[in-house]
Each structure stands twice: as C-alpha cells, then as structure tokens.
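> fold the following for me, if possible:
(4 chains)
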2 protein chains.
Amino acid sequence: MNIRTLCLGILSLGDATGYEIKKTAEGPFSHFYRASFGSIYPALSRLTKEGLVLCTTTAQERRPPKKVYRITTAGRLAFVGDLTAPIEGDAVRSDFLMTMFFAHLLPAQHLARLLDHRVAVYREHVSRLHAAVTEAPTAGQRFVSGFGAAVYRAAADFLEDNRHLVEREALIGADARAAAGGASAARPALAEAGES
Amino acid sequence: MNIRTLCLGILSLGDATGYEIKKTAEGPFSHFYRASFGSIYPALSRLTKEGLVLCTTTAQERRPPKKVYRITTAGRLAFVGDLTAPIEGDAVRSDFLMTMFFAHLLPAQHLARLLDHRVAVYREHVSRLHAAVTEAPTAGQRFVSGFGAAVYRAAADFLEDNRHLVEREALIGADARAAAGGASAARPALAEAGES
DNA sequence: TTATCCATGTAAGAAGTTACATGATTGA
DNA sequence: TCAATCATGTAACTTCTTACATGGATAA
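Model prediction:
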C-alpha cells in the first residue's frame, strides 16, 4: 500500500481532482496516512497511464485546467487486490517518545512544556476524531475514527497519569549543556582518550 | 531526528557495535522507531567522520573486524541538541486502518481473520511492553514502554468492543471480485464511457 | 493587507529499505 | 540439517517531501 492505493481508495468513494484528494487525505485519513501534492499528482498520472483511472480535463479561466479523475472497473479490482494483499504492521515513528526515553538528559522545565503540549495535541485529536465518528457516512470510517479517538485518549490519559515518573528524574537547576558534559558522572568514568 | 540521532542515543547508554545498536533498536525502541543495517552502518561512518563518535577496530578470526563505537562529548552535546529541537508530530502509517476504512469492499471472513490477527498482535505488544516496564533500568524507558502498553491495550480493547460495526456491513456470500465489479450498484449508476 | 483557497505540476534531494556479498559458530 | 547468531558494508532502488514555478479570487 502506498499513495497510489490511497488515491484509488478515495476515488472509489467518488470522482475527485488531485486537489480534492489531498483535502480528503487531510480529513478522515489523516491519523494513519499522509500525502503531499508532490506524491499525489505523479501517482494520478501513473494510474491514468495504467488505465486504473480516467481523467477529464476542463479548461478554466486564469487557472490551470481542472482534472477530474474517475476510477475504472480495473481500478476497483486493483484496489481490492491491494486491500487483500498481506498487510504490513503499523509503522509508528515518534520523536516525542524518543525524547521521553532520554528524559534524564533534559531540564525539568523543558520536559514539562513538552508534556503539556503533547497532552493538548492528543486531546485535540480525540475531540476531532470523536466528532468524525458521528458525522462519518460509512461504518468503516466511523470505525477508524473511533479507533483513533480511543488510542489518543489512552495516550493522553497515560501522559497525565504517569508524567511524574519522568519529571521526577529530570534535571533540576541544570541546563542541557551541563547534562551533555556531565553525563560521565552518572556512568563509570571511562577515559575518553583520543578526544581532543 | 533520524537514524543518526537514534545511534547517538543508544551510544549515550554505553559503547556498542553497529550490530548491537540494531539489536537495541529492536528492543525498547521498536514500538516507535525502526532502523535497518543499511541505514545504521552509513550513519556510524558519518558520525565518526564528524567526530561525534569514536571507533575502535578489533581484528577477529574468520569474521569482519569488530568495530566498537563510543560517543564523544561533542556527540553528547549534539544529541541533546537534537532532543531539544522542535519535535515533529508522531508519524503513523497503518495499512490495517486503511483496510478497515474500506471494510464494505471485503468479504466477512477475510475481515474476521484480519481482526483476529490484529487483536492478537496488539495483545502480544502489550505483554512484551508490560514486561519491559518492570525490567527497564531508567525512568524514561519505563515511561515509553508503559505508554506503548497503554496504547496497544486501548487499541486491542477497541477492536474487540467495536469489530461488529464493520463485520456487520461486510460482504456476505460474495467474493472480492464481485465487490469490485458491483460497486456501482451502491452509487448512482454513473456511465463509465471511454472505458474499454 | 494578509492569508487562505483554488489548481496543477516538476525537479532535486532526503531518507531509508532491500538485496547482495561473505562466512564460521552454535543451538534446536 | 536447518535456522539463528554474529559481523560489516555497499549499491541499487523506492518512496516521499520540499521547494519552486504560476497566479487570480476571496474572506478576514
């Protein structure tokens, strides 16, 4: 699964332009997929060449011609093929968790700000996704939005309930510079010969 | 943050070879970061060139020479710099949720198998991460493992509690081929002229 | 007057994966 | 006997992002 699959999926819901596909991707797909124009437009060109979508160009005044894409029967078949292919595990990449892992290297104030902010971000996700559940037209969409809401709620709750665990061990009255230089005090003093 | 940052972080915990860095990445970092040898080895070369790590080569019999890396003071400083730089939002990519979004296109049996499997996968994550919490040496590590456990538990619970929402609308007694071809019945019958 | 919406597309580059190349040792 | 562990590294490739190029209309 890739951006081409995403485009096919969105077009399976109705005809759309590249621009509209981008907007849709930023809506009900945004918590588990993302796509930029730089990947969507080439994907649509290729899908057209392969006969999986059709393109209708409409001239516009003082604007680039509008191109409305429609999925073909071959496209629907290919999409279901993508959907039934072996699924890869969720790929998660979190700079936030990376930072929390090394909380002991950071000043307490900085850590507190990060946690406050992250809780707020997760709560926003929850309310947005919660609203999406009631508004969504299909069961699948309600399901994935509900999933996102449940997960982000759990994340926010965990942060609020457990932040003291990292905040207690954070650096107090010391800045990041001292943490970096003074780390050898926390470990057996290994000689760092060869370092100028 | 990238693989270089990950290498610096792991080396900030103690000296290691590229191979050991990979193993560590597969352990307590695996639920929010991943790295292959093909990205780790070049990262270590570059870090060495930049003076952020030191490399000690030891010849071995009938094996490639072992290279043990040690972070330098400049490396620790750079790492804390990475840690305090503006954090990017969590990047999640889930082919599973993509599939559930379009559950109405899939046969009920297939959907049931997917859900069974995903619940099992999430439960495994939970028990692995739960164990990691008690064994972890630092507060940061306990925190991120606990976070992972809480989130995966919420995910598994959601699936069990809500899977009926998608399973009820799944295709019954029809295969994927029919779904792909017959989709126009669910939408206003738009002529697909031009499609051979 | 400033930002956002509309609307397309390309080119350069970042970042990482997969596969290849090599091969002994050890445990099941 | 089969798979995993140890151990490094490169090259080709995929995939996607960012920045650029263009620019009127509209709402705050």
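
> which parts of chain A sit against DNA strand C?
A:17-20, A:23, A:37-38, A:41-42, A:44-45, A:60, A:63-67 (Cβ under 7 Å from any atom of the strand). The C-beta positions use only the backbone N, C-alpha and C, and glycine is treated the same way.

> am I right that A:Thr57 falls within a strand?
Yes. Assessed with DSSP: H, G, I helix; E, B strand; the rest coil, A:Thr57 lies in a strand.

> who's in contact with A:Cys50?
Not quite, residue A:50 is Glu, not Cys. For A:Glu50, no contacting residues are found, by Cβ atoms under 8 Å, 6 or more residues apart in numbering or on different chains.

> quick check: phi and psi on it?
phi -90, psi 0 (degrees, to the nearest 10).

> any idea how far it lies from A:Arg76?
13 Å (Cβ to Cβ, to the nearest Å).

> also A:Glu124?
Distance from A:Glu124 to A:Arg76, by Cβ to Cβ: 35 Å.

> so the two - more neighbours on which side?
A:Arg76 (22 against 12; other Cβ atoms under 10 Å in any protein chain shown).

> the more buried one and A:Leu11 touch, don't they?
No. Here A:Arg76 does not reach A:Leu11: they are 9.1 Å apart, not a contact under Cβ atoms under 8 Å.

> quick one: is stretch A:7-18 near DNA strand D?
No. Stretch A:7-18 is not in contact with DNA strand D by Cβ under 7 Å from any atom of the strand; minimum separation 10.0 Å.

> next, the buried residues of that stretch.
A:Cys7, A:Leu8, A:Gly9, A:Ile10, A:Leu11, A:Ser12, A:Leu13, A:Ala16, A:Thr17, A:Gly18 (16 or more other Cβ atoms under 10 Å in any protein chain shown).

> who touches that stretch?
Contacts for stretch A:7-18 (Cβ under 8 Å, 6+ apart): A:21, A:24-25, A:29, A:37, A:40-41, A:43-44, A:47, A:52-53, A:66-71, A:75-76, A:78-79, A:82, B:98, B:101-102, B:105, B:183, B:187, B:190.

> point me to the residue of chain A nearest DNA strand D.
A:Gly38 (2.2 Å; Cβ to the nearest atom of the strand).

> could you chop chain A up by domain?
A:3-84, A:95-195 (automatic domain parsing).

> out of the ones you listed, which gets the lowest mean score?
The stretch with the lowest mean pLDDT among those is domain A:95-195, at a mean of 83.

> what about it, distance to the chain center?
With Cα atoms, centre = their mean, to the nearest Å as the basis, domain A:95-195 stands 16 Å off its chain's centre.

> is any residue of that domain near DNA strand D?
No. Domain A:95-195 is not in contact with DNA strand D by Cβ under 7 Å from any atom of the strand; minimum separation 13.0 Å.

> how far away is A:Phe158 from B:Ala91?
Where B:Ala91 is concerned, A:Phe158 sits at a distance of 19 Å (Cβ to Cβ).

> compare neighbour counts for these two and give me the winner.
A:Phe158 (21 against 12).

> quick one, phi/psi of the more buried one?
Torsion angles, degrees, to the nearest 10, at A:Phe158: phi -60, psi -40.

> how about it, what does it touch?
Here A:Phe158 is in contact with B:Gly146, B:Phe147, B:Ala150, B:Val151 (Cβ under 8 Å, 6+ apart).

> what's the neighbour count on A:Thr72?
So A:Thr72, with other Cβ under 10 Å, has 21 neighbours.

> ditto for A:Asp157
16.

> three-state assignment of it?
helix.

> distance of it relative to A:Val119?
On the measure of Cβ to Cβ, A:Asp157 and A:Val119 end up 9 Å apart.

> check which helices and strands the helix or strand harbouring A:Ser127 sits against.
A:Ser127 is part of helix A:108-135, with elements assigned from DSSP states H and E. Helix A:108-135 is packed against helix A:95-101, helix A:139-167, with contacts defined by 3 or more Cβ pairs under 8 Å, 6 or more residues apart in numbering or on different chains; DSSP states H and E.

> return the backbone torsion pair for the closest residue to A:Ser36 other than its chain neighbours.
Distances taken as Cβ to Cβ, 6 or more residues apart in numbering or on different chains place A:Lys22 nearest to A:Ser36, at 7.7 Å, with adjacent residues excluded. Torsion angles at A:Lys22 (phi, psi; degrees, to the nearest 10) stand at phi -60, psi -50.

> and A:Lys22, what does it touch?
Contacts of A:Lys22 (Cβ under 8 Å, 6+ apart): A:Ala35, A:Ser36, A:Phe37, A:Ile40.

> which single residue of chain A ends up nearest chain B?
The nearest approach of chain A to chain B comes at A:Ala154, 3.4 Å away (Cβ to the nearest Cβ).

> where's that residue relative to B:Ile172, distance?
A:Ala154 is 33 Å from B:Ile172, by Cβ to Cβ.

> so for these two, which sits in the more crowded spot?
A:Ala154 (22 against 10).

> what sits closest to that one if chain neighbours are left out?
B:Ala154 (3.4 Å).

> turn the contacts of A:Phe158 into a markdown table, columns for neighbour count.
Output for the contacts of A:Phe158, formatted as a markdown table (neighbours: other Cβ atoms under 10 Å in any protein chain shown):
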| residue | neighbour count |
| --- | --- |
| B:Gly146 | 20 |
| B:Phe147 | 23 |
| B:Ala150 | 21 |
| B:Val151 | 23 |
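
> would you check how far apart the residue of chain A closest to DNA strand D and A:Leu11 are?
From A:Gly38 over to A:Leu11 (counting by Cβ to Cβ), the distance is 19 Å.

> pull the number of nearby residues for A:Ala43.
A:Ala43 has 21 neighbours, counted by other Cβ under 10 Å.

> for A:Ile10, see how far away it is.
Taking Cβ to Cβ, one finds A:Ala43 at 11 Å from A:Ile10.

> and what of A:Val144?
In terms of Cβ to Cβ, A:Val144 sits 14 Å off from A:Ile10.
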